[in-house]
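# Provide a 3D model corresponding to the input given below.
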Amino acid sequence: MPLQIIQPQRLYRQIAEQLRSLISKGEFAAGTRLPAERELAKQLGVSRPSVREALIALEVEKVIEVRTGSGIYVLKPKGRQPSRKKASDTVEWGPLELMRARELVESEVAALAARNAKKADLQLIGDALQQMRDEVAKGQIPREGDEAFHNAIAQACGNEVLRDTICGYWQARHGTLFERMGDYFEDQKSWDAALIEHAAVLEAIRAHDAGAARNAMQRHLKKAHTRYSASWRRAKPS
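The predicted structure follows:
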C-alpha cells in the first residue's frame with residue numbers, strides 16, 4: 001500500500017489528507033473497506049488515536065462511512081458532502097490530543113482552585129455539578145453543566161491566563177470532530193462515571209486539599225481519555 005510514514009509531531013489533519021488523496025486516486029475504491037485502524041496506524045507510523053481522529057474527520061466530510069462492528073467503508077463521490085474547506089485544512093484540534101492537554105493543565109488549575117476558592121466559587125462549582133446531575137436525570141447529555149463545572153474551577157483558580165486557556169479548550173470542545181466522537185463514545189454509563197469523578201474533584205476543592213484536587217482532576221481526565229479511546233466494537237452505532 002503506497003502509504004508514507006508521517007512524522008510524530010504532525011496531527012490527524014495530515015493523515016486525513018493522505019487517505020483522502022489515496023481515495024481520490026482510486027487506491028481505495030468506493031464501496032471497499034479501509035484497512036483496520038490498527039493496520040493503518042502501523043503503516044502510517046502514528047498512534048491509533050491519531051488515525052481515529054483522521055477517520056472521524058473524513059466521516060464528517062462524507063468521504064467514508066463508519067459501520068460499527070463491520071468496518072470503515074469508502075463512500076461514492078455522490079454521497080460525499082461538498083465543502084470548500086476540507087477537515088484537514090482546518091485548525092480544529094484533535095479531540096484526544098486536546099484531552100491530553102487538559103489533563104496536564106486542568107489538574108494544576110484544580111490544585112490552584114483548592115488553594116484559592118472562596119465561598120462563592122465553591123457555590124458556582126457545586127451548582128454546575130448539580131446542573132450536570134439534573135441533565136443526566138432528564139436523559140440529556142450534560143455538556144452545558146460539564147462546561148460550567150470546569151469553567152467555574154478555572155475561575156476559582158485566581159489566574160486569568162489559565163481561565164482564558166480553559167475557555168479556549170471548551171471552545172474547541174464544541175468542534176465538529178469532538179461532537180462526532182461524542183456520538184460514538186458518550187452514553188449514560190460514561191456520564192454516570194463522569195459524575196462520580198466530578199464529585200471527587202469538588203470534594204477535594206471544598207477541603208482546600210490541593211494535592212487531592214490535582215489527583216482527582218487528573219484521574220477524571222485520564223478516564224475520560226480512556227473512554228474516548230475505546231474499541232470501535234464497543235462504540236455506539238450512528
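# What residues of the one helix or strand R180 maps to count as buried?
Using DSSP states H and E, R180 maps to helix 176-185. By 16 or more other CB atoms under 10 Å, the buried positions in helix 176-185 come out as 177-178, 180-182, 184-185. Every C-beta, even on glycine, is put in place using the N, C-alpha and C of the backbone.
# all strands for this protein, in order.
64-67, 71-74 (DSSP state E).
# who's in contact with Y12?
50-51, 53-54, 57, 88, 94, 97 (CB atoms under 8 Å, 6 or more residues apart in numbering).
# Nearest to A213 among the residues you listed?
E97 (24.0 Å; CB to CB).
# mean confidence score for stretch 93-113?
Averaged over stretch 93-113, pLDDT sits at 92.
# try stretch 43-51
86.
# Report the distance from that stretch to the chain centre.
16 Å (CA atoms, centre = their mean, to the nearest Å).
# Which two among the contacts of Y12 are spaced furthest apart?
S88 and E97 (14.7 Å).
# mind giving me the domain split of the protein?
12-89, 95-234 (automatic domain parsing).
# comparing these, which gets the lowest mean pLDDT score?
Looking at the domains of the chain, the bottom one is domain 12-89 with a mean of 82.
# How far does that one sit from its chain's centre?
Using CA atoms, centre = their mean, the offset of domain 12-89 from its chain centre is 18 Å.
# And for stretch 129-147?
For stretch 129-147, the distance to the chain centre is 18 Å (CA atoms, centre = their mean).
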